[in-house]
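# 3D model of this:
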Amino acid sequence: NSVDGCVSIVSYFSCEAISFACTGAIPEHISNFPTLAPYFPTSIFLKGSTESIVETSILAMTIISSFTSRRTDVFKIFEKMAVAHIIALYQSPSTLIKCRIALMHEFFLENLFQYSHDSFKKTIYFLIAGLAKEKEEAALSLQCAETLSSLIENDDLVARVEALVNTLFPELSKMVGFMDLPSFYDILMKIINCYSTAIDNRVAQ
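Below is the predicted model:
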């Protein structure tokens, strides 16, 4: 019970903090969580920069992901926040925020966006775009490579990734001429090994 209580409070606060950072407004429905409501108007944490609020909140959610994924009530709130702010987060000028998001997806994407194909597709393309920034944002490129490598081999994501292979593989192929990152070529080989049938069907067309 103590663990569940901690998971609930950390998750709710983190989700509302991210929403606050993205919109600049205290969420109206924070009053639905009487345990948290008093903290928002006086929180020193929420007076920090957008970068510190978002990256710390995402990291907190990632740390407790093994608990969150088993709590459907908490996960629904997390997914609602993610769908609402995903574009703003992906377009953030902060490399640190984008690195944290890429890390988060390594742990959450298996269960995230199951009913939002568009959000899932945007996520995969966010990771590919981050992977390509080997020279400008090396840390982001490395994190996206690690996340993509993990997701491609995830059996629970096969059907959803396979649906994107027809557009995913050509995008990655365009990067062959300028990518030096060894893990990039490992990712290409994993896609070929895991999704060869889908790739063969595309070539045949």
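# Could you tell me which residues within stretch 49-63 count as buried?
Neighbour-count burial for stretch 49-63 flags Thr50, Glu51, Ser52, Ile53, Val54, Glu55, Thr56, Ser57, Ile58, Met61, Thr62 (criterion: 16 or more other CB atoms under 10 Å). Bear in mind the C-beta positions are built from the backbone N, C-alpha and C, glycine included.
# Serialize the residues you listed to CSV and add fields for distance to Asn154 and pLDDT.
Formatted as CSV, the buried residues of stretch 49-63 follow (distance: CB to CB, whole Å; pLDDT from 0 to 100):
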residue, distance to Asn154, pLDDT
Thr50, 31, 92
Glu51, 29, 95
Ser52, 31, 95
Ile53, 29, 93
Val54, 25, 94
Glu55, 24, 95
Thr56, 27, 95
Ser57, 24, 94
Ile58, 20, 94
Met61, 19, 92
Thr62, 16, 93
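# Please identify the one among these that lies nearest to Arg70.
Met61 (13.8 Å; CB to CB).
# Can you tell me how far that closest one is from Lys135?
Distance, Met61 to Lys135, using CB to CB, to the nearest Å: 30 Å.
# any idea which helix or strand carries Phe169?
Following DSSP states H and E, one finds Phe169 within helix 165-173.
# What helices and strands are in contact with that helix?
If contacts are counted by 3 or more CB pairs under 8 Å, 6 or more residues apart in numbering; DSSP states H and E, helix 165-173 sits against helix 117-131, helix 182-194, helix 196-204.
# and the nearest residue to Glu55 once chain neighbours are set aside, helix, strand or coil?
Using CB to CB, 6 or more residues apart in numbering and skipping the chain neighbours, the partner closest in space to Glu55 is Arg100 (4.6 Å). At Arg100 the chain is in helix, as set by DSSP: H, G, I helix; E, B strand; the rest coil.
# Centre-most residue in this structure?
The residue lying closest to the centre of the chain (CA atoms, centre = their mean) is His105, at 3.5 Å.
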